[in-house]
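Trainee: have a look at this prediction, sequence included:
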Amino acid sequence: MAVHRDAAGALHRVSARCTHLGCVVHFNEAECAWECPCHGSRFGVDGEVLQGPAVRPLKRRGADGVP
Ligand code: FES
């Protein structure tokens, strides 16, 4: 699971598995984005795709997603 708490205190929980080929994403503090080290996909804190090759968002986890 990839978890980020934003400046307002809200918790954002998504799967850490990149939806391209399954590598584990890492958080980039400067960009406030999840980044995949394998092929460069980038995702917002809620999992939305910011940059491919991934085309599907990270799966949401927790209160408003799958446990
Ligand atoms: S596995 Fe993440 S970009 Fe390819």
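Mentor: Ah, there it is. In this text the structure is predicted, and so the values were computed from the model without any measurement. Numbers count the residues shown, from 1 in each chain.
Trainee: show me where the chain has its strands.
Mentor: 2-5, 11-14, 26-28, 33-35, 42-43, 49-51 (DSSP state E).
Trainee: could I get the ones you listed as TSV with distance to Arg60, mean neighbour count and mean pLDDT?
Mentor: Quick note: C-beta positions are derived from backbone N, CA and C, even for glycine. Output for the strands of the chain, formatted as TSV (distance: least, C-beta to C-beta, whole Å; neighbours: other C-beta atoms under 10 Å; pLDDT from 0 to 100):
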stretch	distance to Arg60	mean neighbour count	mean pLDDT
strand 2-5	11	15	93
strand 11-14	6	19	94
strand 26-28	16	13	97
strand 33-35	12	21	98
strand 42-43	11	22	98
strand 49-51	13	14	98
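Trainee: which one of those strands lies closest to Leu58?
Mentor: Checking those against Leu58 by C-beta to C-beta gives strand 11-14 as the closest, at 4.0 Å.
Trainee: other SSEs contacting the closest one?
Mentor: Judged by 3 or more C-beta pairs under 8 Å, 6 or more residues apart in numbering; DSSP states H and E, strand 11-14 is in contact with strand 2-5.
Trainee: is the strand it packs on up against the ligand anywhere?
Mentor: No: using C-beta under 6 Å from any ligand atom, strand 2-5 stays clear of the ligand, coming no nearer than 12.6 Å.
Trainee: so which residues make contact with that strand?
Mentor: Leu11, His12, Arg13, Val14, Ser15, Ala16, Val25, Phe27, Cys32, Trp34, Val45, Leu58 (C-beta atoms under 8 Å, 6 or more residues apart in numbering).
Trainee: now stretch 39-47: buried residues?
Mentor: Ser41, Arg42, Phe43, Gly44, Val45, Asp46, Gly47 (16 or more other C-beta atoms under 10 Å).
Trainee: wait, the fifth one touches Glu29, no?
Mentor: When you say that, I think you mean Val45. No: between Val45 and Glu29 there is no contact, the gap being 11.4 Å when judged by C-beta atoms under 8 Å.
Trainee: so how far is the ligand from Ala30?
Mentor: 19 Å (C-beta to the nearest ligand atom, to the nearest Å).
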